[in-house]
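Peer 1: quick one: sequence plus predicted model below, questions after.
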Amino acid sequence: MVTRTATRTATRIVARTESEIDVAVERFQLCRTLKPLPNDPLLGLSALFNADQRPDKIDLGVGVYKDQSGAAPVFKSVKSAEHKLWQTETTKAYIPPAGDSEFIQQIEFLLLGQEHSTLQQRRVRSLQTPGGSCALRIAAEFIQRCNPAATLWLSAPTWVNHQPLLGRVGLPIREYFYYDYQSNQLDFARLLDSLKAASVGDVMLLQGCCHNPSGDDLSPEQWQQLADFCLDRGLVPLVDIAYQGFARGLSEDASGLRLLCDQLPEVLITASCSKNFALYRERVGNFSVVAASPEKADHALTQALDIIRGYYFVPAAHGAQVVKTILQDPELRTGWLQELSSVRTRLGEVRQLLVNRFQEAGCADQFAHIAKQQGMFSFLGLTPTQVNQLRQDYSIYMADSSRINLSGINPSNINYLVKSVNLVLGSA
């Protein structure tokens with residue numbers, strides 16, 4: 001008879017004296033030279049807002065869409081898609097490094113339209129990425145591999161994270177003129193003039209719609225002029241499209257991107273599903289390369305796949321499955337389009353209402369530009385001192401540039417906001 005005896009191995013915990021620990025500390029000095037860094041400006045603003053106990057406080061800082069109640073909602077279409085996945089999902093195995101192929105196809109259709117020439121010619125290759133931010137980082141390293149001498153041109157101003165995400169791989173960064181704070185609008189003539197210093201092979205970052213932080217977008221005519229300019233100068237556009245559907249509609253918001261892809265041999269695209277599917281924490285993004293030929297597109301994909309090995313093995317599946325499920329299911333897609341339309345309508349109404357309330361308060365000219373812009377953001381045109389006064393005296397939180405997230409405004413706080421801004425302007 002064979003008997004099996006279970007044995008238990010006890011782990012002996014050794015107590016260290018204070019002197020022994022002190023000696024060990026002297027040996028472990030990896031962080032010896034590190035200095036503390038300041039908090040991220042917008043995340044630090046959120047921390048201050050959360051700590052503020054005053055009941056009338058208003059958060060116009062971090063760029064997350066909020067509904068009329070002040071909540072960051074979960075779309076009903078997302079809930080339904082997640083329920084469907086819960087019922088049908090059979091595995092949690094890894095997905096391919098490039099991502100879910102059906103998700104990628106649906107995003108390409110969303111960005112370019114199913115019949116776009118680049119898709120018909122098989123000149124597009126895409127990767128599912130952990131959010132639009134990771135897509136930007138991959139784009140930066142891809143540019144560096146293609147042309148280490150390339151300068152990356154960013155609009156002045158641009159999203160605060162564009163510079164660190166794109167610049168920290170070592171690419172030189174320069175700015176082109178975009179927004180005139182005096183006239184509160186895009187100055188396209190100065191934009192083109194500032195880009196005359198760009199060299200062949202440089203890359204120009206453009207935002208597809210709902211420019212963050214200004215809210216001022218290119219017109220169709222200006223997109224065409226930029227396409228001509230890039231073709232003439234040999235500039236490669238990198239189009240970051242994070243708010244598709246928040247301005248005029250899905251197709252309309254991608255019209256500039258589609259024009260560039262139709263008329264230029266090379267375009268890079270970074271996209272995010274954080275906003276138009278309200279999937280912020282799920283980190284769903286996409287990186288696409290439009291190349292001059294299918295063969296060059298294949299070569300680009302091998303390089304992009306090699307790049308992601310240095311950041312992650314495979315992307316997360318859940319958020320992309322939600323997006324794919326919504327886009328492939330006619331009923332869910334219809335519901336999602338209705339929700340997206342409601343977001344777009346609300347943002348437009350908030351813009352107009354804010355301008356109207358300022359007009360009633362006697363300062364229409366200073367804020368009229370807000371109603372002409374698109375998306376979630378705009379500048380109030382206040383000084384950093386005035387922004388700080390709003391925060392200190394009235395618990396109204398916004399970036400020091402006076403960029404505001406308009407979705408943080410609702411019927412319960414708009415009068416207080418307008419009154420407080422007027423008081424600050426009056427005390428200047």
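Peer 2: Received, thanks. Numbering: from 1, shown residues only.
Peer 1: so how many other residues sit close to the nearest residue to L301 once chain neighbours are set aside?
Peer 2: Beyond its immediate neighbours in the sequence, the residue positioned closest to L301 (Cβ to Cβ, 6 or more residues apart in numbering) is R125, lying 4.0 Å away. C-beta: built from backbone N, CA, C; applies to glycine. As a burial measure, R125 scores 24 neighbours (other Cβ atoms under 10 Å).
Peer 1: next, R125: phi, psi?
Peer 2: Backbone torsions for R125, taken as degrees, to the nearest 10, come to phi -130, psi 140.
Peer 1: what comes up buried for stretch 46-53?
Peer 2: S46, F49 (16 or more other Cβ atoms under 10 Å).
Peer 1: using PDB, write out every CA atom in that stretch.
Peer 2: Output in PDB follows, covering the C-alpha atoms of stretch 46-53 (Å, rounded to 0.1, in the frame of the first residue of the first chain):
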ATOM      1  CA  SER A  46      -9.300  67.600 -10.300                       C
ATOM      2  CA  ALA A  47      -7.700  66.900  -6.900                       C
ATOM      3  CA  LEU A  48      -8.300  70.500  -5.800                       C
ATOM      4  CA  PHE A  49     -11.900  70.300  -7.000                       C
ATOM      5  CA  ASN A  50     -12.500  67.100  -5.100                       C
ATOM      6  CA  ALA A  51     -11.100  68.600  -1.900                       C
ATOM      7  CA  ASP A  52     -13.200  71.700  -2.200                       C
ATOM      8  CA  GLN A  53     -16.200  71.400   0.200                       C
END
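Peer 1: leaving out chain neighbours, which residue sits closest to P411?
Peer 2: Of all residues not flanking P411 in the chain, Q68 sits nearest, at 6.9 Å (Cβ to Cβ, 6+ apart).
Peer 1: so what's that neighbour scoring on pLDDT?
Peer 2: Reported pLDDT at Q68 in the predicted model: 91.
Peer 1: distance check, the residue nearest to L301 against I104.
Peer 2: 9 Å (Cβ to Cβ, to the nearest Å).
Peer 1: next: L191.
Peer 2: 32 Å.
Peer 1: phi and psi next, for S272.
Peer 2: Here S272 shows phi and psi, under degrees, to the nearest 10, equal to phi -130, psi 140.
Peer 1: so what's it bridging to?
Peer 2: G285 (DSSP bridges).
Peer 1: and it, how many neighbours?
Peer 2: S272: 25 neighbours (other Cβ under 10 Å).
Peer 1: surely it and F287 touch.
Peer 2: No - in this structure, S272 is not within contact of F287 by Cβ atoms under 8 Å, at 10.7 Å.
Peer 1: ok, Q185 - contacts?
Peer 2: Y179, D216, H369, K372 (Cβ atoms under 8 Å, 6 or more residues apart in numbering).
Peer 1: what about the strands in the stretch 1-150 of the chain?
Peer 2: 58-59, 124-130 (DSSP state E, counting those that start in this stretch).
Peer 1: now the ones you listed as JSON lines including mean pLDDT and distance to L238?
Peer 2: Putting those into JSON lines (pLDDT from 0 to 100; distance: least, Cβ to Cβ, whole Å) gives the following:
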{"stretch": "strand 58-59", "mean pLDDT": "94", "distance to L238": "31"}
{"stretch": "strand 124-130", "mean pLDDT": "97", "distance to L238": "14"}
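Peer 1: Throw these into CSV and include distance to I241, thanks.
Peer 2: Shown next, in CSV, are the strands of the stretch 1-150 of the chain (distance: least, Cβ to Cβ, whole Å):
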stretch, distance to I241
strand 58-59, 25
strand 124-130, 13
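Peer 1: for the ones you listed, which one ends up most surrounded?
Peer 2: Ranked by mean neighbour count, the strands of the stretch 1-150 of the chain are led by strand 124-130 with a mean of 26 (mean count of other Cβ atoms under 10 Å).
Peer 1: before we move on, back to that, what is the burial count for the residue nearest to P411?
Peer 2: 14.
Peer 1: with the one 10 residues further on instead?
Peer 2: In terms of burial, V78 registers 23 neighbours under the definition other Cβ under 10 Å.
Peer 1: need the pLDDT of it.
Peer 2: pLDDT at V78 comes out at 98.
Peer 1: taking strand 124-130 as reference, get the angle to whatever helix or strand T302 lives in.
Peer 2: Using DSSP states H and E, T302 sits in helix 294-309. Angle between the axes of helix 294-309 and strand 124-130 is 10 degrees (criterion: axes from the mean of the first three to the mean of the last three Cα atoms, to 10 degrees).
Peer 1: which elements pack onto helix 294-309?
Peer 2: Judged by 3 or more Cβ pairs under 8 Å, 6 or more residues apart in numbering; DSSP states H and E, helix 294-309 is in contact with strand 124-130, helix 131-146, strand 284-290.
Peer 1: same for the first one, what does it pack against?
Peer 2: So that's strand 124-130. With 3+ Cβ pairs under 8 Å, 6+ apart as the test, strand 124-130 has helix 101-112, helix 131-146, strand 284-290, helix 294-309 packed against it.
Peer 1: okay, these, which one's buried deepest?
Peer 2: strand 284-290 (a mean of 27).
Peer 1: beyond the longest helix along the chain, next helix or strand please.
Peer 2: In the chain, ranked by residue count with DSSP state H as the criterion, the top helix is helix 330-360. Downstream of helix 330-360, the first helix or strand assigned by DSSP H and E is helix 364-367.
Peer 1: give the next helix or strand downstream of that next one.
Peer 2: Counting by DSSP H and E, what follows helix 364-367 is strand 377-379.
Peer 1: related to what we said a few turns ago, how far off strand 284-290 does the helix holding T302 point, in degrees?
Peer 2: Using the same axes, to 10 degrees: helix 294-309 against strand 284-290 is 140 degrees.
Peer 1: alpha carbons only: can I get helix 294-309 in CSV?
Peer 2: Provided in CSV are the C-alpha atoms of helix 294-309 (Å, rounded to 0.1, in the frame of the first residue of the first chain):
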residue,chain,number,x,y,z
PRO,A,294,-0.3,47.9,-50.6
GLU,A,295,3.3,46.6,-50.4
LYS,A,296,4.5,49.7,-48.5
ALA,A,297,1.4,49.4,-46.2
ASP,A,298,2.4,45.8,-45.4
HIS,A,299,6.0,47.0,-44.6
ALA,A,300,4.6,49.7,-42.3
LEU,A,301,2.5,47.1,-40.5
THR,A,302,5.5,44.9,-39.7
GLN,A,303,7.2,47.9,-38.2
ALA,A,304,4.2,49.0,-36.2
LEU,A,305,3.8,45.4,-34.8
ASP,A,306,7.5,45.4,-33.8
ILE,A,307,7.0,48.8,-32.0
ILE,A,308,4.2,47.5,-29.9
ARG,A,309,6.3,44.6,-28.6
